[in-house]
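Asks: Everything below, folded, please.
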Amino acid sequence: MKMSQSHQQPALSKCPGCDEPPAAGDLFCGACGYDLSAVPARPGDRPTMAITVPPAAPEAPAAPVASAGQAAPAASGAEAVRWPAATETDSSDVPAPVHRPSDLPGTDSGGRPLAEQEQVQGPGAAAGQGAPVGPGPEPVGGPEPSAVPVRHDDRAEPGGAEHSGDFALAAPDPRTAEHAAAAAAPTAGGKVCVACRSGRVDPDGYCENCGHAQPRERDHMEQELGSVAAVSDRGLRHHRNEDSFAVSSTALPDGSPAVVAIVCDGVSSASRPDEASAAAANAANESLLASLPRGTHPQQAMHEAIVAASEAVNALAQEPAGAMEHDAHRHQNAPACTLVGAVMAGELLIVGWVGDSRVYWVPEDRSRPTARLTEDDSWAAQMVAAGLMNEAEAYADERAHAITGWLGADAYELEPHTAAFKPDRPGLVVVCTDGLWNYAESAEEMAAAVPADAQEHPLRGAQVLVGHALDGGGHDNVTVALLPFAVRPQGAGSACETV
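Replies: Predicted structure coming up:
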């Protein structure tokens with residue numbers, strides 16, 4: 001487990017945005033992304049936002065708004081109202097939009113049915129070019145319709161076209177100037193908000209129009225490549241997924257296949273942990289794909305891949321231009337992550353790691369012994385190795401998951417661990433972060449969690465293991481890669497034999 005940051009913030013029993021109980025120390029709600037660091041006073045438990053309808057045209061009776069699938073009755077006796085051009089600008093110095101007759105549902109601004117809009121707007125209006133504007137009287141008077149409450153606390157219907165797995169925000173009223181501004185100036189190549197479907201999404205993943213946190217691409221990732229598969233999930237408590245993985249395959253010089261799986265876990269107490277894990281996974285994978293086809297021994301290739309991953313993470317902490325060259329704090333809180341990887345090449349299984357992510361061996365014959373192939377760089381592992389505690393006592397301590405080795409500019413010293421094994425029987429290689437093994441810590445518990453058909457269906461097996469962690473509480477990001485290892489049985493012996 002990664003060391004968590006300490007922040008001073010109000011203790012909350014439930015998230016103000018979705019009523020889910022937040023985990024201690026979380027800055028954002030793991031369910032809806034609500035910012036927990038600055039919680040404003042909120043009304044009742046089912047908040048609403050009133051969106052009012054613009055005043056009706058002068059001397060025209062209020063026209064009822066047509067519901068979906070109904071025609072709007074025509075309003076007669078009212079003269080056409082020409083909307084004035086707006087002279088104000090918004091916060092980006094972009095001219096504020098003008099109202100268009102099409103912004104009023106049911107009838108246009110002159111009280112005519114929607115069927116006559118094309119004649120009023122002129123050619124091209126239907127294509128979203130807007131109606132012609134010019135000087136004229138602004139609509140005044142008329143009764144102000146009552147506020148329309150809009151619910152913001154209900155989830156979208158499962159299976160619906162707009163279902164995103166997050167709390168759905170009602171779209172702003174299309175008659176407001178804010179919505180018209182977003183519609184009049186669509187984003188160029190930017191993402192559109194899944195909630196209001198019109199606002200631009202900023203680089204932090206929030207809508208600039210309605211403020212809704214957007215689902216992130218990394219919240220849940222799956223990949224299957226031949227005989228290797230991996231699944232990563234944000235979990236139930238974290239506001240983002242700080243894990244990353246890479247799976248690939250290549251060929252050795254003799255033409256035999258080599259399969260690669262890299263899993264990285266960002267250190268939450270460091271800055272930009274999601275970037276660190278992604279950089280490390282990509283760099284390690286690319287290094288292995290470059291060195292294995294050249295004939296580099298797989299164990300040496302794994303060592304070089306970990307070094308390459310470390311350099312990629314270190315590069316994230318380089319000081320910006322103009323910073324003092326000898327700033328003693330330039331690496332403080334630098335991006336960091338752990339790494340674990342496995343390579344199947346020929347008859348060998350190579351594992352490498354730095355940190356507390358793990359590799360397990362689960363034989364196809366479940367009556368055979370299982371094994372954990374890595375040793376954690378953690379406080380608990382050090383206590384056990386020093387003989388100061390047994391494993392049960394060490395991992396029950398609150399300091400158990402404090403890591404003592406990681407990739408990052410502020411790491412004490414890079415010590416890549418590698419090991420080579422030659423399995424004598426078929427089995428499954430499980431490469432995972434602590435988000436999974438926290439719920440299946442021993443080799444026997446992990447083997448019990450692996451479905452029986454995972455050897456033939458690794459993607460489904462990885463999905464089941466991620467579900468096992470989520471069912472157990474999902475307190476951390478969860479990532480697992482499965483590599484089926486197929487060999488002919490060669491008689492009795494241990495499940496794994498070190499070369």
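
Asks: isn't P416 right up against H303?
Replies: Yes. Judged on C-beta atoms under 8 Å, P416 makes contact with H303 at a distance of 5.3 Å. All C-beta spots, glycine's among them, are computed from the backbone N, C-alpha and C.

Asks: what residues are shared contacts of these two?
Replies: Counting by C-beta atoms under 8 Å, 6 or more residues apart in numbering, the contacts common to P416 and H303 are G352.

Asks: Where does pLDDT dip in the stretch 151-300 of the chain?
Replies: Counting by pLDDT under 70, the stretch 151-300 of the chain contains low-confidence residues at 151-189.

Asks: ok, now with 90
Replies: In the predicted model, the stretch 151-300 of the chain carries pLDDT under 90 at residues 151-218, 226-227, 237-239, 269.

Asks: now the strands for it?
Replies: Here the stretch 151-300 of the chain has its strands, by DSSP state E, counting those that start in this stretch, at 220-225, 228-233, 243-251, 257-266.

Asks: and the closest residue to C193 other than its chain neighbours, how many neighbours?
Replies: Nearest non-adjacent residue to C193, counting by C-beta to C-beta, 6 or more residues apart in numbering: C207, 3.7 Å away. By other C-beta atoms under 10 Å, 23 other residues sit near C207.

Asks: Then the one 4 residues further on?
Replies: Other residues near G211 number 14, with proximity taken as other C-beta under 10 Å.

Asks: ditto for the one 5 residues further on
Replies: Residues lying near R216 (other C-beta under 10 Å) number 14.

Asks: Report the contact partners of it.
Replies: By C-beta under 8 Å, 6+ apart, the residues touching R216 are G205, R234, R240, N241.

Asks: Then E364?
Replies: Applying C-beta under 8 Å, 6+ apart, the residues near E364 are R425, P426, G427, L428, Q455.

Asks: mind redoing it with 7 Å?
Replies: R425, P426, G427, Q455 (C-beta atoms under 7 Å, 6 or more residues apart in numbering).

Asks: before we move on, what about A270?
Replies: Contact analysis of A270 by C-beta under 7 Å, 6+ apart lists A276, N333, A334, P335, A336, G408.

Asks: can you tell me how far the nearest residue to the fourth one once chain neighbours are set aside sits from R399?
Replies: I take that to be P335. In space, and not counting its chain neighbours, P335 is closest to A276: 3.8 Å by C-beta to C-beta, 6+ apart. To R399, A276 is 23 Å away according to C-beta to C-beta, to the nearest Å.

Asks: Tell me how far the residue nearest to N209 when sequence neighbours are not counted lies from C210.
Replies: Using C-beta to C-beta, 6+ apart and skipping the chain neighbours, the partner closest in space to N209 is G199 (2.5 Å). To C210, G199 is 6 Å away according to C-beta to C-beta.

Asks: The two: who's more crowded?
Replies: Taking other C-beta under 10 Å, G199 and C210 do not tie; G199 has more neighbours (27 against 21).

Asks: Angles on the backbone of that one, please.
Replies: phi -80, psi 150 (degrees, to the nearest 10).

Asks: Tally up the residues packed near W353, please.
Replies: Neighbour count for W353, taken as other C-beta under 10 Å: 27.

Asks: cool, A279 as well?
Replies: Neighbour count of A279, defined by other C-beta under 10 Å: 24.

Asks: likewise the one 3 residues further on?
Replies: N282: 17 surrounding residues under other C-beta under 10 Å.

Asks: can you pull the contacts of it?
Replies: Counted by C-beta under 7 Å, 6+ apart, N282 has contacts A246.

Asks: list residues touching both of G199 and C210?
Replies: What both G199 and C210 touch, as defined by C-beta under 7 Å, 6+ apart, is the set C193.

Asks: returning to that earlier point: which among the contacts of R216 end up buried?
Replies: The neighbour-count criterion (16 or more other C-beta atoms under 10 Å) marks G205, R234, R240, N241 among the contacts of R216 as buried.
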